[in-house]
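Q: predicted model follows, preceded by the sequence.
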Amino acid sequence: MSDISPEELGEQLQTDENGLLVVDIRHEGEFDDWHVPGSVNVNVYDELADDPDKAKDALAGLPEEKEIVTVCGAGIAAETATDVLQEMGYTAATLEDGMNGWSRVHRHAAVSVDLDGTLVQVARPGKGCLSHVLISDGEAAVFDPSHYLEEYEAILDEYDAELVGVFDTHAHADHVSGAAELADRHDVPYYLHPKDALAIDASPIDDEQTVSVGSLNIEVIHTPGHSEGSVSFDIEEAVLITGDTLFHESVGRVELGVEAGIEDSNVEQNAATLYESLQRLLTRPDDTLVLPAHDPGSPEPPVTATLGEVRERNDDLGRDREEFVHELASDIPEHPPNFERVKRTNVGQESVPGDELAELELGPNNCAAE
């Protein structure tokens, strides 16, 4: 049996322009929801389960000169697809753990910005998640980390930096935060707004509070709407870390906390609150770099845009208050998988065993309003 690890596939996709073809054998709807970037869908899942020979006709059209990597949800059905392809004379391997494994992949790169320090963006392409590490004068802060803490430990080691604080922009609904555990591991504060720290031990932050990392100041801007405790972080008027409040081409959805049963507000109120929060961010200079917590396009770091560019690309920012509230309250996209449990876990209302975390958060990121 030939396997390829998710990390190795990620590296090859970055460097191999023509020789590798990722073939996803899941049902079309599953593929449309969530897939490895650049992959093609050959829906032979049922054929492989029933009689693998029946899949050969559909697979025969694949280019013979390509090295093929087969993908399914957990890597099991894809192993059968790899066997069939090898019987047909193809060079083929299976992505270990399938999309489950792809969800673990992280990449990082420095962000080009005028700061007295270094800002590193960590992208998780299988989830569309973005987190950030700020380093200045030997000190470091981590923003919105995943629960794969080794990724952040490696960056701290790479820059020989001491962690002094961990920040969450809000209680996430699409992935399990590793912020509290990372802070506990290093005995440093975990910063989360009290409105989102419902049952979790966190150092409270509030509007206009300033936290220092090395020679850099981080200003807290309370920007509720996506969640009651959502904040954005202004780093020296050069960078806005906006969490799920402001994306490059959308804004945060406003019903997840209500539907998870942890907010007493309603969707219309949240939409109106988010509108006001966005107006505060839009007062910043156009050259301010906007760094959200997600990008839906399987991001390759660094994913950046200036506030001026976001104004031009983001249709939500051109709506007046009434239209904005109507659009966000009436057009509800598909929910992130298991968002109720993920949300409750991140506010401290539910405890999930470590071996169940990866499965809990599997699936696409759906935290943008559209």
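A: Structure received.
Q: residues touching the spatially closest residue to residue 190 that is not a sequence neighbour, list them.
A: On the basis of Cβ to Cβ, 6 or more residues apart in numbering, the spatially nearest residue to residue 190 that is not a chain neighbour turns out to be residue 183, at 3.7 Å. Every C-beta, even on glycine, is put in place using the N, C-alpha and C of the backbone. Each residue near residue 183 by Cβ atoms under 8 Å, 6 or more residues apart in numbering is listed here: 165-166, 189-190.
Q: just checking, which of those residues belong to strands?
A: 165-166, 190 (DSSP state E).
Q: most neighbours among those, which one?
A: Using other Cβ atoms under 10 Å as the neighbour test, the ones in strands among the contacts of residue 183 are led by residue 166, with 29 neighbours.
Q: count of neighbours near the nearest residue to residue 350 once chain neighbours are set aside?
A: Nearest residue to residue 350 in three dimensions, chain neighbours excluded: residue 344, at 4.1 Å (Cβ to Cβ, 6+ apart). Other residues near residue 344 come to 20 when the count uses other Cβ under 10 Å.
Q: and for residue 360?
A: 18.
Q: quick check: it touching residue 341?
A: Yes: assessed by Cβ atoms under 8 Å, residue 360 is found in contact with residue 341 at 6.2 Å.
Q: which neighbours do these two have in common?
A: Residues touching both residue 360 and residue 341 by Cβ under 8 Å, 6+ apart: residue 352.
Q: so, low pLDDT: which residues of the protein?
A: Low-confidence segments of the chain (pLDDT under 70): 1, 16-18, 298, 333, 364-370.
Q: let me have the contacts of residue 183 in JSON lines, extended by distance to residue 239.
A: Shown next, in JSON lines, are the contacts of residue 183 (distance: Cβ to Cβ, whole Å):
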{"residue": "165", "distance to residue 239": "16"}
{"residue": "166", "distance to residue 239": "17"}
{"residue": "189", "distance to residue 239": "20"}
{"residue": "190", "distance to residue 239": "21"}
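Q: out of those, who's nearest residue 142?
A: Of all the contacts of residue 183, residue 142 sits closest to residue 166, with 4.9 Å by Cβ to Cβ.
Q: from residue 209, how far out is the nearest residue to the closest one once chain neighbours are set aside?
A: Closest residue to residue 166 apart from its sequence neighbours, by Cβ to Cβ, 6+ apart: residue 183 at 4.1 Å. Look at residue 183 and residue 209: by Cβ to Cβ, to the nearest Å, they are 17 Å apart.
Q: residue nearest the centroid of this structure?
A: The residue lying closest to the centre of the chain (Cα atoms, centre = their mean) is residue 129, at 1.3 Å.
Q: does that residue touch residue 296 like I think?
A: No: in this structure, residue 129 is not within contact of residue 296 by Cβ under 8 Å, at 10.3 Å.
Q: show me where the stretch 251-370 of the chain has its helices.
A: 256-259, 267-281, 307-313, 321-330, 339-346, 357-360 (DSSP state H, counting those that start in this stretch).
Q: list the buried residues for the first one?
A: For helix 256-259, a neighbour-count test (16 or more other Cβ atoms under 10 Å) marks 256-257 as buried.
Q: again, but for the fourth one
A: Buried positions in helix 321-330, judged by neighbour count with 16+ other Cβ under 10 Å: 324-325, 327-329.
Q: mind giving me CSV with those residues and columns for distance to residue 174?
A: Converted to CSV, the buried residues of helix 321-330 look like this (distance: Cβ to Cβ, whole Å):
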residue, distance to residue 174
324, 22
325, 23
327, 21
328, 17
329, 20
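Q: mind listing what the residue lying closest to residue 245 once chain neighbours are set aside touches?
A: Once flanking residues are discounted, residue 245 sits nearest to residue 223: 4.4 Å by Cβ to Cβ, 6+ apart. With Cβ under 8 Å, 6+ apart as the criterion, the residues that contact residue 223 are 230-232, 242-243, 245-246, 274, 277-278, 280-281.
Q: let's see that with 10 Å instead.
A: Contacts for residue 223 were tallied using Cβ atoms under 10 Å, 6 or more residues apart in numbering; they are 169-170, 193, 207, 229-233, 240, 242-246, 252, 273-274, 276-281.
Q: measure residue 63 to residue 85 for me?
A: 12 Å.
Q: higher neighbour count, these two?
A: A side-by-side neighbour count of residue 63 and residue 85, using other Cβ under 10 Å, places residue 85 first with 23 against 8.
Q: need the nearest residue in space to the more buried one, chain neighbours excluded.
A: residue 92 (3.9 Å).
Q: same thing with residue 28?
A: residue 43 (5.2 Å).
Q: just to be sure, residue 38 is in a helix?
A: No: Residue 38 is assigned coil when assessed by DSSP: H, G, I helix; E, B strand; the rest coil, not a helix.
Q: residue contacts, it?
A: 13, 20-22, 298.
Q: how about a cut-off of 7 Å?
A: 13, 22 (Cβ atoms under 7 Å, 6 or more residues apart in numbering).
Q: distance of it relative to residue 300?
A: 11 Å.
Q: any residues in contact with both of these two?
A: By Cβ under 7 Å, 6+ apart, residue 38 and residue 300 have no common neighbours.
Q: extract the C-alpha set from stretch 71-86 and format it as PDB.
A: Extracted C-alpha coordinates of stretch 71-86, given in PDB (Å, rounded to 0.1, in the frame of the first residue of the first chain):
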ATOM      1  CA  VAL A  71      -8.500  11.300  -1.200                       C
ATOM      2  CA  CYS A  72     -11.600  10.500   0.700                       C
ATOM      3  CA  GLY A  73     -12.900  11.400   4.200                       C
ATOM      4  CA  ALA A  74     -10.700   9.200   6.300                       C
ATOM      5  CA  GLY A  75      -8.400   7.500   3.800                       C
ATOM      6  CA  ILE A  76     -10.100   4.100   3.800                       C
ATOM      7  CA  ALA A  77     -12.100   4.100   0.600                       C
ATOM      8  CA  ALA A  78      -9.200   6.000  -1.100                       C
ATOM      9  CA  GLU A  79      -6.900   3.000  -0.300                       C
ATOM     10  CA  THR A  80      -9.200   0.900  -2.500                       C
ATOM     11  CA  ALA A  81      -9.100   3.500  -5.200                       C
ATOM     12  CA  THR A  82      -5.300   3.500  -5.100                       C
ATOM     13  CA  ASP A  83      -5.200  -0.300  -5.500                       C
ATOM     14  CA  VAL A  84      -7.500  -0.100  -8.500                       C
ATOM     15  CA  LEU A  85      -5.400   2.600 -10.100                       C
ATOM     16  CA  GLN A  86      -2.200   0.700  -9.600                       C
END
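Q: that concludes my questions; thank you for your assistance.
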